[in-house]
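**Q** Structure of the sequence below:
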Amino acid sequence: MNSRGRPLGRTIVRTLLAVLLGAVLGALGTVVHRFGDESWYLGLVLALALTAAGGVLARAWAGYGTLLGFGVGWVAIVQALSLPGSGGDVVVPAGVLGLVWSYAGVGILAVVAFLPSSWFAEVPARRDRHIA
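**A** Residues are numbered from 1 along each chain as shown. As a prediction, the model looks like this:
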């Protein structure tokens, strides 16, 4: 049992699934982040929203461990796709848009980490008092 009273095996499985989810959403966001024109990059906005939603899901699922796993999977795949391939092509070119995608995603995951824990609690933080 871990500190929350959950079986340790369940937490490990959830963390590994969060790593996989982070890798999938990171790859999907990397592919679509360049969609749009120079005045409005809709793909970047959608990719960052998807990253935020995945981070919130991971933290709500089993806490900081799964959020960390999600972040590791996300960063690993985004950085791997930033490296030149065998033909010299990259999916995330070294430019403003690529830097925004890489660093804003990490920033969003940091914001999710600092959200109030009461938002992710399974029990209400306050109970209504009955006035007699």
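**Q** mind checking the SS state of the residue positioned nearest the centre of the chain?
**A** Central residue of the chain (C-alpha atoms, centre = their mean): residue 55, 3.5 Å from the mean position. Assigned with DSSP: H, G, I helix; E, B strand; the rest coil, residue 55 falls in the helix class.
**Q** Can you list the helices and strands that the longest helix along the chain packs against?
**A** When the chain is scanned for its longest helix (criterion: DSSP state H), the result is helix 8-32. The contact analysis (3 or more C-beta pairs under 8 Å, 6 or more residues apart in numbering; DSSP states H and E) places helix 8-32 against helix 42-62, helix 64-82, helix 96-113. Every C-beta, even on glycine, is put in place using the N, C-alpha and C of the backbone.
**Q** buried ones in it?
**A** Residues 11, 14-15, 17-19, 21-23, 25-30, 32 are the ones in helix 8-32 that count as buried (16 or more other C-beta atoms under 10 Å).
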